[in-house]
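Visitor: this one's structure only:
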């Protein structure tokens, strides 16, 4: 099924949790998930066939979730989880397909709106990529435009 985890994937994630990979003794390690399909839509509507099984398997959800699929780039407001933490979700689907930005919606902190200056597609937004910097428990990110500009933060 498109946009769903299969039984083997869910069993693997659940087994990692049971084995203490995510931490033990009440101290949970931070978890980052990278998927093609999104956990929810740009308007904040949760996609149950991926969000619920993954967050259940992780025992509350990842700390960071990066996905593509939708052509665009966006930073979502933190999404509260049942265990009192929050998922920091990012859309990073702006790597090469021309797209036009929708404009920010309620659950978004930022979305790429820069015009690429493309003479063939006047309203095309900047494509780009995300750099993740890991330093021990710290994560920082940079959204970079196709022109090399720093887009977020």
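Guide: Perfect, thanks for sending it. As the structure is a prediction and not an experimental result, all values here were calculated from the model.
Visitor: ok now do residue 146, which residues does it touch?
Guide: Counting by CB atoms under 8 Å, 6 or more residues apart in numbering, residue 146 makes contact with 116, 126-128. To be clear about C-beta, it is placed using only N, CA and C from the backbone, and glycine gets the same treatment.
Visitor: swap in residue 134?
Guide: Not one residue lies near residue 134 by CB under 8 Å, 6+ apart.
Visitor: tell me which element it is part of?
Guide: Using DSSP states H and E, residue 134 sits within strand 128-135.
Visitor: And residue 54, by the same measure?
Guide: In the assignment (DSSP H and E), residue 54 maps to helix 48-57.
Visitor: any idea how far that helix is from the chain center?
Guide: When C-alpha coordinates are averaged (CA atoms, centre = their mean, to the nearest Å), helix 48-57 and its chain have centres 14 Å apart.
Visitor: one step back: now do the helix or strand following the strand holding residue 134: which elements does it pack against?
Guide: Where DSSP H and E defines the elements, the next helix or strand beyond strand 128-135 is strand 138-145. Secondary-structure packing of strand 138-145 (3 or more CB pairs under 8 Å, 6 or more residues apart in numbering; DSSP states H and E): strand 128-135, strand 150-152.
Visitor: show me where this structure has helices.
Guide: Using DSSP state H, the helices of the chain run over 7-18, 48-57.
Visitor: which one of these has the most crowded surroundings?
Guide: helix 48-57 (a mean of 17; mean count of other CB atoms under 10 Å).
Visitor: so what does it touch, helix or strand wise?
Guide: helix 7-18, strand 32-35.
Visitor: pLDDT of the longest one, averaged?
Guide: I take that to be helix 7-18. For helix 7-18, the mean per-residue pLDDT is 89.
Visitor: Report the angle between it and helix 48-57.
Guide: Orientation of helix 7-18 against helix 48-57 (axes from the mean of the first three to the mean of the last three CA atoms, to 10 degrees) gives an angle of 30 degrees.
Visitor: what separates helix 7-18 from the chain centre, distance-wise?
Guide: Taking the mean of its C-alpha atoms, helix 7-18 sits 20 Å from the chain's own mean (CA atoms, centre = their mean).
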